[in-house]
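[1] the amino acid sequence is not available; the structure is as follows:
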């Protein structure tokens, strides 16, 4: 008959063997998962290379096409006679003042318009004259 010590040793080896088998299975599972990730990464790299090629192709087509320029037509500024203007206008958020007939002045919303009776009052406010102001 075996004594208690031998039974404990045999039981410990059985438990260790079971643990080793479980660890081996886990290592195999993780290795397979790692292989799947490596394959996915390769596919992503291939997709990235393809996308970069398409982007370069689009950019080269864009560069080969003639550049289009947007031309805005602005009304000509009427020449002022020797007579002084009745008043000047400015945008309350702007830095320049204009004659009332200036195309830039006509773009100012009424709620943002400030009127000046003279050029000096506008200059004293720290505003710069537009090209339309003589």
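    That came in fine, so what should we check first? Values in this document were obtained by computation on a predicted structure and should not be read as measured data.
[2] residue 113 touches residue 92, doesn't it?
    Yes. Between residue 113 and residue 92 there is a contact at 7.4 Å, judged by Cβ atoms under 8 Å. In short, each C-beta sits where N, CA and C put it, glycine included.
[3] neighbour-wise, which of those two wins?
    Per other Cβ atoms under 10 Å, whichever of residue 113 and residue 92 has more neighbours is residue 113, with 13 against 10.
[4] for the more buried one, which non-adjacent residue is spatially closest?
    residue 89 (5.5 Å; Cβ to Cβ, 6 or more residues apart in numbering).
[5] mind listing the strands the strand or helix carrying the one you found pairs with, and their directions?
    Here residue 89 sits within strand 88-91, counting by DSSP states H and E. Within its sheet, strand 88-91 is paired with strand 96-99 (antiparallel), strand 113-116 (antiparallel), according to DSSP bridges.
[6] just to revisit the earlier point, can you pull the contacts of the residue nearest to residue 113?
    97, 98, 99, 100, 105, 108, 113, 114, 115, 116 (Cβ atoms under 8 Å, 6 or more residues apart in numbering).
[7] what helix or strand is the fifth one on?
    Using DSSP H and E, the element containing residue 105 is helix 103-106.
[8] dihedrals phi and psi, the residue nearest the centre of the chain?
    By Cα atoms, centre = their mean, the chain has its centre lying nearest to residue 55, at 17.8 Å. With angles defined as degrees, to the nearest 10, residue 55 sits at phi -60, psi -40.
[9] for residue 24, see how far away it is.
    47 Å (Cβ to Cβ, to the nearest Å).
[10] quick one: the helices in the protein, in order.
    For the chain, the helices defined by DSSP state H cover 4-64, 103-106, 119-124.
[11] count of neighbours near residue 100?
    14.
[12] give me the low-pLDDT residue ranges for this structure?
    In the prediction, the chain carries residues with pLDDT under 70 at positions 1-2, 63, 65-85.
[13] break the protein into its domains for me.
    Under the assignment automatic domain parsing, the domains of the chain span 1-64, 88-129.
[14] mean neighbour count, the ones you listed: which tops it?
    domain 88-129 (a mean of 15; mean count of other Cβ atoms under 10 Å).
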